[in-house]
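Student: Sequence first, then the predicted structure, then my questions.
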Amino acid sequence: MTKQQGYGLQQAAKGSLLARARLALKKYWFIYLLALPGLVTLIIFSYGPMYGIQLAFKDYKINLGVWGSPFVGLQHYQALFSDNAFIQAFKNTVIINLYHLIFGFTFNVFLALMINEILVKPLKSVVQTLVYLPYFLSWVIFAGLVQVFLQAPVPGDVGGVVNQVIVAMGGEAIDFMKTPSLFRGLLVITNIIKTSGYSTIIYLAAISGVDPNLYEAAAIDGANRKDMLVYITFPRILPSVAVLFLLNISQLFLSNFDQVYNMYNNFVLSTGDVISTYIYRISLGGGGKFELSTAANLLLNLLGMIALIWSNRFVKKMDVMGII
């Protein structure tokens, strides 16, 4: 094939692609019109501010602005990795998110499968409502409730319900909110209680799409509820499980600021301080180190993207469609 022929084929391919794009735009113009506001919002509020990423490599001066500030290379990353508070916050973030992934993610799948097994419809509706309710509370309110329930006894006060039960059973009261060794587990448990309802909605929606004839055929063949659960229900929700698993992996190096900020205190910084609270302290919280906070954010998002790409390849090997 000559160079001229190859160029001709490239031009033909481009023309064919443009023709297909015009045809799709003409055919589905209303759908694209509906998506346009969301796309514009994404560009303005998500992609537009990304020019500020350069702060991670500059010595920011207010009078010079973002573009005019001098370039300092990787100096801020050297400062981050020499900061013991950052290293500890990074360690806490990964450990807490791994706990969320191991216990929270698996519990959500288990909860959805168990709710689906409830055959009495009124009871099923009540259980679903009780499970979903905490999700609609803000972390400010939910963290306040947690502190009330777990409050340690003080002179003139018997403490929260949990400590009252512990003391009534002959044990010693525990100051849950100020015990570093318990705080990570407390974050995981409260996150499960608050957010598990939302995840079960996705799984139950996938389960509702299963053909009832499959269950009838399995019952005729002598299958029990356990067999139907393992060989019919779970395989049908596996794609949804895979997608949510990937989304959880992408958040492995990030953290829920609302939850931690409203629950932690100076007594549990060694195990409860996470990247988001660390970034807040060194920037908007009074530190004023916007370059360091940008550098930390950029690093963690890049690590999250790498983890997402790797886990997506792993999921595809399971013959399940990924998200990339």
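Tutor: That came through fine.
Student: contacts, neighbours, all on C-alpha from now
Tutor: Noted.
Student: residue ranges with poor pLDDT in the stretch 51-200 of the chain?
Tutor: Low-confidence segments of the stretch 51-200 of the chain (pLDDT under 70): none present.
Student: ok, which stretches of the stretch 1-150 of the chain are helices?
Tutor: 3-27, 29-42, 65-68, 75-81, 84-99, 106-116, 121-132, 139-150 (DSSP state H, counting those that start in this stretch).
Student: Arrange those helices in TSV, one row each, with distance to T294 and mean neighbour count as further columns.
Tutor: Converted to TSV, the helices of the stretch 1-150 of the chain look like this (distance: least, C-alpha to C-alpha, whole Å; neighbours: other C-alpha atoms under 10 Å):
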stretch	distance to T294	mean neighbour count
helix 3-27	38	12
helix 29-42	20	12
helix 65-68	12	14
helix 75-81	9	15
helix 84-99	13	19
helix 106-116	33	18
helix 121-132	35	14
helix 139-150	25	16
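Student: Can you check which of these gets nearest to K289?
Tutor: Closest to K289 of these is helix 75-81 (C-alpha to C-alpha; 9.9 Å).
Student: Quick one: list the elements packing against that closest one.
Tutor: helix 84-99, helix 290-316 (3 or more C-alpha pairs under 8 Å, 6 or more residues apart in numbering; DSSP states H and E).
Student: Save these as a markdown table, and put in distance to M169 too.
Tutor: A markdown table is the format used below for these (distance: least, C-alpha to C-alpha, whole Å):
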| stretch | distance to M169 |
| --- | --- |
| helix 84-99 | 29 |
| helix 290-316 | 45 |
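Student: just so I know, which of those helices lies nearest Q78?
Tutor: helix 290-316 (10.0 Å).
Student: That closest one: which residues count as buried?
Tutor: Buried positions in helix 290-316, judged by neighbour count with 16 or more other C-alpha atoms under 10 Å: 290-297, 300-301, 303-305, 307-309, 311-312, 315.
Student: ok, G272 to G73 distance?
Tutor: 31 Å (C-alpha to C-alpha, to the nearest Å).
Student: ah, wrong one, I meant F245
Tutor: 35 Å.
Student: burial measure for N248, as a count.
Tutor: For N248, the count of nearby residues is 19 (other C-alpha atoms under 10 Å).
Student: so Q164 makes contact with D157?
Tutor: No - if you go by C-alpha atoms under 8 Å, Q164 and D157 don't touch, sitting 10.5 Å apart.
Student: Compare those two (neighbour count), which wins?
Tutor: More neighbours surround Q164 than the other of Q164 and D157, with 19 against 9 (other C-alpha under 10 Å).
Student: Count residues in the vicinity of the nearest residue to the more buried one once chain neighbours are set aside, would you?
Tutor: The shortest distance from Q164 to any non-neighbouring residue, by C-alpha to C-alpha, 6 or more residues apart in numbering, is to V158 (6.8 Å). For V158, the tally of surrounding residues (other C-alpha under 10 Å) stands at 14.
Student: What does V158 show for phi and psi?
Tutor: Here is the backbone geometry of V158 (degrees, to the nearest 10): phi -80, psi -10.
Student: Any chance you could list what contacts stretch 228-239?
Tutor: L113, Y203, A206, I207, V210, L214, Y215, A218, V320, M321 (C-alpha atoms under 8 Å, 6 or more residues apart in numbering).
Student: which among those residues gets closest to L182?
Tutor: L113 (29.3 Å).
Student: check contacts around the closest one.
Tutor: L113 touches L204, L229, F234, counting by C-alpha under 8 Å, 6+ apart.
Student: make it 10 Å
Tutor: Contacts here follow C-alpha atoms under 10 Å, 6 or more residues apart in numbering; on that basis L113 touches F107, T200, Y203, L204, I207, L229, V230, T233, F234, I237.
Student: got the angle between the helix or strand hosting the fourth one and helix 139-150?
Tutor: Assigned by DSSP states H and E, L204 belongs to helix 180-208. Note on geometry: by axes from the mean of the first three to the mean of the last three C-alpha atoms, to 10 degrees, helix 180-208 and helix 139-150 are set 120 degrees apart in direction.
Student: Before I go, just wanted to say thanks for your time.
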